[in-house]
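Undergrad: A structural model of the following input is requested.
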Amino acid sequence: MSAHPYDLLTPDTVIDAVESTGRLSDARLLALNSYENRVYQVGIEDDLPLITKFYRPGRWALEQIEEEHSFSLELQAADISVVAPLVDEQQQSIHEFQGFQFALFTRRGGYPPELDNLDNLLVLG
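TA: The predicted structure is shown next:
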C-alpha cells in the first residue's frame, strides 16, 4: 500500500508553509472541513488567524488553481461576496512548500441569508 501525499502534511509542515510566506505563526492550528483539499486555520503572531488551503497533489493543475483564484479576485473586485485568496507583493496567490501548492485567505465567518430581504435574494439569485 503506497503512502498518500497528504501523509506528509503534518502540523509542523502546515506551520512551516505559512511561515515560508513571511508570517510568524503562533502555532495554533485547527483543521477545517474540506472534501477534496486540506484546509486549516493557522494562528498568526500578533494578528488574526489565516485560512490555509493545501491543494490535493496531482489533482489540480497550476492553471486550474490560477483560474479559480483569478475568478475569485474578479468577483471580489465586483463587490460580490466571496473570499478571494491573498495576493503577495509579487502578485502571487499560489505558494509552494515541500511539493504542496497552497493559498492563504482571510478568515471570514458565514451568516445565514435574510430570506425576507428582496435585495438579499437578488444577490443570491
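Undergrad: Just want the most central residue of this protein.
TA: In the chain, the residue lying closest to the centroid (C-alpha atoms, centre = their mean) is K53, at 3.7 Å.
Undergrad: how close does P57 get to G99?
TA: To G99, P57 is 7 Å away according to C-beta to C-beta, to the nearest Å. Where you see a C-beta, it was placed from the backbone N, CA and C, and this is true even at glycine.
Undergrad: for Q90, what are its contacts?
TA: For Q90, no residue meets the contact criterion (C-beta atoms under 8 Å, 6 or more residues apart in numbering).
Undergrad: ok, now L121?
TA: Neighbour list for L121: P113, L115 [criterion: C-beta under 8 Å, 6+ apart].
Undergrad: Just say helix, strand or coil for it.
TA: helix (DSSP: H, G, I helix; E, B strand; the rest coil).
Undergrad: Check E68 too.
TA: Three-state assignment for E68 (three-state DSSP): helix.
Undergrad: Neighbours of it, how many?
TA: By other C-beta atoms under 10 Å, the residues close to E68 number 17.
Undergrad: Model confidence score at the residue lying closest to L30 once chain neighbours are set aside, please.
TA: With C-beta to C-beta, 6 or more residues apart in numbering as the criterion, L30 has its nearest non-adjacent residue at 4.2 Å, and that residue is Q41. We have a pLDDT of 98 for Q41.
Undergrad: try the one 5 residues further on
TA: Looking at D46, its pLDDT is 94.
Undergrad: Also S25?
TA: Predicted confidence (pLDDT) for S25: 97.
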